[in-house]
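Engineer: Attaching a predicted model along with its sequence, questions to come.
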Amino acid sequence: MNMRLKLMACASVLAMGMSSAALADCGISSGDVSILGNDFPALQAVVAGAQECATGSVTVTTNLTRDHRDLQVAALTANPSQYSVAVVANGSIVPLMNAGLIRPLDDLIEKHGSDLLPTQMVRVEGQVMAVAFMANAQHLFYRSDVLEQAGVGAPQTLSDVLSAAEAIRSQGIMDHPVAIVSGAGWNLAQEFVNLYLGHGGSFFEPGSAAPAINNEAGIATLEALKALTGFSNPDYLTFDSNAIQALWEAGEVALMLHWGSRGAGILSGENSTPEIVASTVLAAAPTVEGQSRPATTLWWDGFTIAANTSDENAEASFLAMLNGITPERIAANSELAVWLGEGYEPTPASAGVIASAQGGAAPYPMTPYMGLMHTALGDNLAPFLQGSASAEETLATIEAAYATAARSQGFLN
Amino acid sequence: MKHRTFFWFILPSALAMILFIALPVVSVFIQSLHVEHEQVLRTVENCGPFGCAEETIVDREATRELREARPLGRFAGFSNYLDRNHLAITEIRGMWERSDSIADFTRRAMTLPFWRALAFTLTFTFVVTPFVLVLGLAIALGVNSLPRIFRGPTIFVSLLPMIVTPLIGSLVLYWMVDSRGVLGAFLQTVTNDPTLSLRASPTLTWIMLIVYGVWSSAPFAFIVFYAGLQTVPEEPLEAAMIDGANRWQRIRYVVIPHLMPLAIFITLMQLMDNFRVFEPIVGFQAQASATSLSYNIFNYLRGDAAQFGAAATTSMLTILGVVVLLAPVLIRTWRDFNRKGH
């Protein structure tokens, strides 16, 4: 419903733009803008702003899809590229940089980007390769009423979360009080990455692409993952972001590690009851005992401009995207994300992400071979959770799977 | 037919087959012999919203030169076939030495992507195919004995599982077997086990996928057998009745022999179809418990770094698998053909 309203709003804005071309003046004389990106409300708002730049001589087309990562490399390799803008995150910019498919933005920023904050510039070797506009991280959601009923306080650490879950279960309040984004594949791997960095681990040998996860931190991470999923609904290996948001909104879980970008949707109460919304608390991701940083990774979302696109289209695209992140637009959509630009006023929905960032959570690694590690994790974690492999075996399997992929991709010899 | 005439007669289809079948296979084979270029790495300082850090990046200029010089990548011979993602000879040997029982060895080997996928693919193929044959024949016989007026609607309803797109069909079933879905809740009540979840256990997931496979393919066997039933001659049936054969005996000794060529055709199609099982694994989100060769190919090609070499190698091994599977049936058909021809 909300989405449909938004679409209608977009459509009417577009129609108005058509009727009086002077209305949306983004300073673009002509050009074709086409945007590829992920699909969630904050991005929809940004892209709606970019679409307002459409005039008789400027076209703006968009493709927002969850499968954007699978499309982006092929789409931007074409010359001229299929899209002039790729909206990426710190994980998904790497394959584009590896292949040299995005252009430095310094000249465009010098010309048009005086309003951007220095923290929005993503610099690689001194060159700005992306303009970040929002931050995201998985963090803890908990139900204060259920915890109160179970007689436990606000969880700070991982063992607090587990003992709260145990209290809720043992008192018969809920059988499966915990939900994490634990679907086998990319999602489960992301949970491992969060917990592993929270345990103080690092993924590779220093200065090399050789894997280094078969250690104490790795084993502790697997045990933590097993403990958390032990309190989850038995279907947990099929859970994606939408599935666990639905569990939360149905009041079936009381502790959840989920993306901050879902906070606004959950707090809107659209699919939920007022009691659940009122008792939903967004807090920092839990820390691991003996470690200081919250067990999560920080993500930024930002836009990049394709290398294989004309200078005219690149400039038009840059201006259109700037129109998507104006201070007014950010102020109007403050509840949708933790915006990095001017005009942002933190809202309750951002509490978890901001607390995690202030706690010193690590950014998701931008290493070129991290994607291969993530894939190897996603493909091989399930047997451990299903009880058919030991922790050491699982970590050895992941290292072997990663090494095979890294060899065939030319990162290892 | 003269050789010359035959040549011109066959030329268009031969050309199309070379263009659309042979050349792509050759290209995939060549790709399977290559791996990516060595990546030239550098450490630089990256800065972003969360501060600055030393990070490794790929040296674009140096890597681009390598890539332009040899766009296919580095020639690697058959190393893709032997590596851990495929035949994994070294790993298998190591596992064999470390294992204390066959069960332990199997458990270890199931972490190897190719063997794990092959195990499910073969199980799926060899369980679904006979079930489809038997169920298809049973439905065809049932529908054939209905009064004419009911046949049309019954045929339409029986064909529905085949009409539904596989991905949608599996999604529909996926939500029905959810613990809050119609089938999932029903099973929990019947077994009196509130924690029963078809999606949680690998064994139940395999069974669920196999049931889906039978459900979606049975209509194909049914419609072929039903067409065949319309051609069963009346005389031998009447003769059998006069000889005192009951319904079962008539089916066993008259109808089934008559339908045998169709059964071979269906077996052939089903072996091929089931060997490339893919959609239900995606639809049921079953990759934690079951993967197939086709799913592996899909998995190598998606995500951040498409692994073309690995995908090409799995494709070649899949083609090889289909050839091995079909060989007995094809040899048999060829013999029958020769016998009839001479």
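Structural biologist: Thanks, I have it. Numbering: from 1, shown residues only, chains lettered A, B, ... in the order given.
Engineer: can you tell me which helix or strand A:T397 belongs to?
Structural biologist: helix A:391-408 (DSSP states H and E).
Engineer: Packing partners of that helix?
Structural biologist: helix A:216-230, helix A:370-380, helix A:382-385, helix B:308-341 (3 or more Cβ pairs under 8 Å, 6 or more residues apart in numbering or on different chains; DSSP states H and E). Every residue, glycine included, has its C-beta placed from N, CA and C.
Engineer: Which strands and helices lie in contact with the longest one?
Structural biologist: On a contact count with 3+ Cβ pairs under 8 Å, 6+ apart, helix B:308-341 meets helix A:391-408, helix B:23-32, strand B:34-35, helix B:79-82, helix B:113-144, helix B:256-275, helix B:293-301.
Engineer: quick one, that helix and helix B:293-301 angle?
Structural biologist: Angle of helix B:308-341 versus helix B:293-301, following axes from the mean of the first three to the mean of the last three Cα atoms, to 10 degrees, is 150 degrees.
Engineer: related to what we said a few turns ago, which residues are contacting the helix holding A:T397?
Structural biologist: A:209-211, A:213-215, A:218-219, A:222-223, A:369, A:372-373, A:375-377, A:379-381, A:383-384, A:389, A:412-413, B:35-36, B:76, B:80, B:83-85, B:91, B:108, B:111, B:113, B:305, B:307, B:309-310 (Cβ atoms under 8 Å, 6 or more residues apart in numbering or on different chains).
Engineer: could you pull out the helices for the stretch 51-200 of chain B?
Structural biologist: B:60-69, B:79-82, B:89-98, B:102-109, B:113-144, B:148-163, B:166-176, B:182-191 (DSSP state H, counting those that start in this stretch).
Engineer: okay, the ones you listed in JSON lines with mean neighbour count, mean pLDDT and distance to chain A next?
Structural biologist: Formatted as JSON lines, those follow (neighbours: other Cβ atoms under 10 Å in any protein chain shown; pLDDT from 0 to 100; distance: least, Cβ to the nearest Cβ, whole Å):
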{"stretch": "helix B:60-69", "mean neighbour count": "14", "mean pLDDT": "82", "distance to chain A": "4"}
{"stretch": "helix B:79-82", "mean neighbour count": "19", "mean pLDDT": "92", "distance to chain A": "7"}
{"stretch": "helix B:89-98", "mean neighbour count": "13", "mean pLDDT": "91", "distance to chain A": "7"}
{"stretch": "helix B:102-109", "mean neighbour count": "14", "mean pLDDT": "89", "distance to chain A": "6"}
{"stretch": "helix B:113-144", "mean neighbour count": "19", "mean pLDDT": "95", "distance to chain A": "7"}
{"stretch": "helix B:148-163", "mean neighbour count": "12", "mean pLDDT": "90", "distance to chain A": "23"}
{"stretch": "helix B:166-176", "mean neighbour count": "17", "mean pLDDT": "89", "distance to chain A": "8"}
{"stretch": "helix B:182-191", "mean neighbour count": "14", "mean pLDDT": "87", "distance to chain A": "9"}
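Engineer: can these go into a markdown table with extra columns for distance to A:G290?
Structural biologist: Shown next, in a markdown table, are the helices of the stretch 51-200 of chain B (distance: least, Cβ to Cβ, whole Å):
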| stretch | distance to A:G290 |
| --- | --- |
| helix B:60-69 | 41 |
| helix B:79-82 | 43 |
| helix B:89-98 | 34 |
| helix B:102-109 | 33 |
| helix B:113-144 | 36 |
| helix B:148-163 | 55 |
| helix B:166-176 | 41 |
| helix B:182-191 | 41 |
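Engineer: Buried ones in the helix or strand encompassing B:A239, by neighbour count?
Structural biologist: Taking DSSP H and E as the definition, B:A239 sits inside helix B:234-242. Under the neighbour-count criterion of 16 or more other Cβ atoms under 10 Å in any protein chain shown, helix B:234-242 has B:L237, B:A240 buried.
Engineer: I'd like the average pLDDT over the helix or strand that that helix is followed by.
Structural biologist: Moving toward the C-terminus from helix B:234-242, the next helix or strand (DSSP H and E) is helix B:247-250. What helix B:247-250 shows for mean pLDDT is 90.
Engineer: repeat for stretch A:140-159
Structural biologist: The average pLDDT within stretch A:140-159 is 95.
Engineer: one step back: show me just the buried residues among the contacts of helix A:391-408.
Structural biologist: Applying 16+ other Cβ under 10 Å to the contacts of helix A:391-408 flags A:209, A:211, A:213-214, A:218-219, A:222, A:369, A:372-373, A:375-377, A:379-381, A:383-384, A:389, A:412, B:35-36, B:76, B:80, B:83-85, B:91, B:108, B:111, B:113, B:305, B:307, B:309-310 as buried.
Engineer: pretty sure A:S317 is in a strand, no?
Structural biologist: No - in this structure, A:S317 is helix, not part of a strand, as judged by DSSP: H, G, I helix; E, B strand; the rest coil.
Engineer: List the contacts of the nearest residue to it once chain neighbours are set aside.
Structural biologist: Take A:S317 and drop its neighbours on the chain: the residue closest to it by Cβ to Cβ, 6 or more residues apart in numbering or on different chains is A:S84, 4.2 Å away. A:S84 makes contacts with A:D32, A:V33, A:S34, A:I35, A:I305, A:A306, A:T309, A:N313, A:A314, A:A316, A:S317, as judged by Cβ under 8 Å, 6+ apart.
Engineer: same deal with A:N215?
Structural biologist: A:N215 neighbours (Cβ under 8 Å, 6+ apart): A:G201, A:L395.
Engineer: phi, psi of it?
Structural biologist: phi -150, psi -170 (degrees, to the nearest 10).
Engineer: What of A:W259?
Structural biologist: Dihedral angles (degrees, to the nearest 10) for A:W259: phi -70, psi 140.
Engineer: For the closest residue in space to it that isn't next to it in sequence, give me phi and psi.
Structural biologist: Distances taken as Cβ to Cβ, 6+ apart place A:Q138 nearest to A:W259, at 5.4 Å, with adjacent residues excluded. A:Q138 adopts backbone torsions of phi -80, psi 140, taken as degrees, to the nearest 10.
Engineer: between the helices and strands packed on helix A:391-408, which gets nearest to A:F192?
Structural biologist: When those are compared by Cβ to Cβ, helix A:370-380 sits nearest A:F192, at 5.1 Å.
Engineer: Let's test this: mean pLDDT of that closest one, rounded?
Structural biologist: 92.
Engineer: That helix packs against which elements?
Structural biologist: Checking 3+ Cβ pairs under 8 Å, 6+ apart, helix A:370-380 ends up next to helix A:93-98, helix A:186-198, helix A:391-408.
Engineer: try 6 Å this time
Structural biologist: Helices and strands touching helix A:370-380, by 3 or more Cβ pairs under 6 Å, 6 or more residues apart in numbering or on different chains; DSSP states H and E, are helix A:186-198, helix A:391-408.
Engineer: Mind pulling up the pLDDT for A:S20?
Structural biologist: pLDDT at A:S20 comes out at 37.
Engineer: same deal with the one 4 residues further on?
Structural biologist: Model confidence at A:A24, given as pLDDT, is 57.
Engineer: so which of the helices and strands packed on helix A:391-408 comes closest to B:I18?
Structural biologist: That would be, of the helices and strands packed on helix A:391-408 and by Cβ to Cβ, helix B:308-341, which comes in at 16.2 Å.
Engineer: chain center to that closest one, what's the gap?
Structural biologist: 14 Å (Cα atoms, centre = their mean, to the nearest Å).
Engineer: Then stretch B:135-155?
Structural biologist: 28 Å.
Engineer: Determine how far the last residue of it lies from the first.
Structural biologist: 14 Å (Cα to Cα, to the nearest Å).
Engineer: which residues sit against it?
Structural biologist: Under the criterion Cβ atoms under 6 Å, 6 or more residues apart in numbering or on different chains, residues B:S158, B:A218, B:A221, B:F222, B:F225, B:Y226, B:L229 lie in contact with stretch B:135-155.
Engineer: please redo it, this time with the cut-off set to 8 Å
Structural biologist: B:158, B:214, B:218-226, B:228-229, B:251, B:255-256, B:259, B:263, B:266.
Engineer: how about the nearest residue to the residue nearest the centre of chain B, chain neighbours excluded?
Structural biologist: For chain B, the residue nearest the mean C-alpha position is B:R276 (2.0 Å; Cα atoms, centre = their mean). Spatial nearest neighbour of B:R276, excluding adjacent residues (Cβ to Cβ, 6+ apart): B:S294 at 4.9 Å.
Engineer: I am finished for the moment; much appreciated.
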